[in-house]
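> predicted model follows, preceded by the sequence.
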Amino acid sequence: MGLGNPGEEYRRSRHNLGAEVVALLAERAGTSLKRSKEKALVAEVQWGEKHIALAFPQTYMNLSGESVAKLVRRHGIEDPHRIVIVHDELDLPVGGLRVKVGGGLAGHNGLKSIVQHLKTDDFVRVRMGVGKPPSSQQGADHVLRKPSKTDRAEFDVVVQEAADAVEVIAADGPEAAMNRYNR
């Protein structure tokens with residue numbers, strides 16, 4: 001699941017990096033995301049022996065859990081370790097990348113919504129750093145604004161790396177991705 005906000009005005013913003021990763025993964029698999037009744041854009045792909053559902057919830061970020069819960073039910077996912085959430089992270093520097101399983105929400109409203117709907121925080125996260133705003137009051141503006149050209153260049157790289165990390169998670173599990181990307 002790549003988190004973000006629907007709509008052209010949010011495209012390529014810091015908050016939509018997760019959606020960019022999912023779109024890239026669909027492109028790498030030779031397909032595109034299509035509307036689904038679970039309030040998401042979805043592509044189902046085959047990676048080796050594994051059937052993977054890629055999704056970008058079409059709810060706003062703060063309501064991501066509605067779509068994620070519907071997709072989890074539709075695909076019969078019982079083990080939360082099989083759910084990978086790709087999202088922006090204020091607590092990491094611009095271009096930073098970390099993989100983790102479970103843990104705190106760092107004030108991320110999309111993650112709060114997912115935990116509320118799934119009743120667990122034990123899913124895998126691919127966290128992409130967007131840096132902290134100058135003041136805590138500017139958090140929403142910071143993630144929704146278009147980044148500078150310098151930051152955008154960093155984000156273009158981290159989107160590629162995050163897609164690679166998701167592929168490692170799918171092939172070898174979250175521990176392998178943590179060992180590779182959490183340096």
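Ah, there it is. Numbering: from 1, shown residues only.

> isn't there a helix covering residue 126?
No: applying DSSP: H, G, I helix; E, B strand; the rest coil, one finds residue 126 to be strand, outside a helix.

> contacting residues around residue 171?
Counting by CB atoms under 8 Å, 6 or more residues apart in numbering, residue 171 touches 47, 48, 50. All C-beta atoms are positioned from the backbone trio N, CA, C, and that covers glycine.

> and residue 108, how many neighbours?
25 (other CB atoms under 10 Å).

> surely it and residue 87 touch.
Yes: with contact defined as CB atoms under 8 Å, residue 108 reaches residue 87; the gap is 6.4 Å.

> quick one on the thing from earlier: tell me the most packed of the contacts of residue 171, by neighbour count.
Ranked by the number of neighbours (other CB under 10 Å), those place residue 47 first, at 14 neighbours.

> give me the beta-bridge partners of it?
residue 50 (DSSP bridges).

> following the least confident helix or strand in the chain by mean pLDDT, which helix or strand comes up?
Within the chain, confidence by mean pLDDT, DSSP states H and E is lowest for helix 139-144 among all helices and strands, at a mean of 81. Next along the chain after helix 139-144, taking DSSP states H and E as the criterion, comes helix 149-172.
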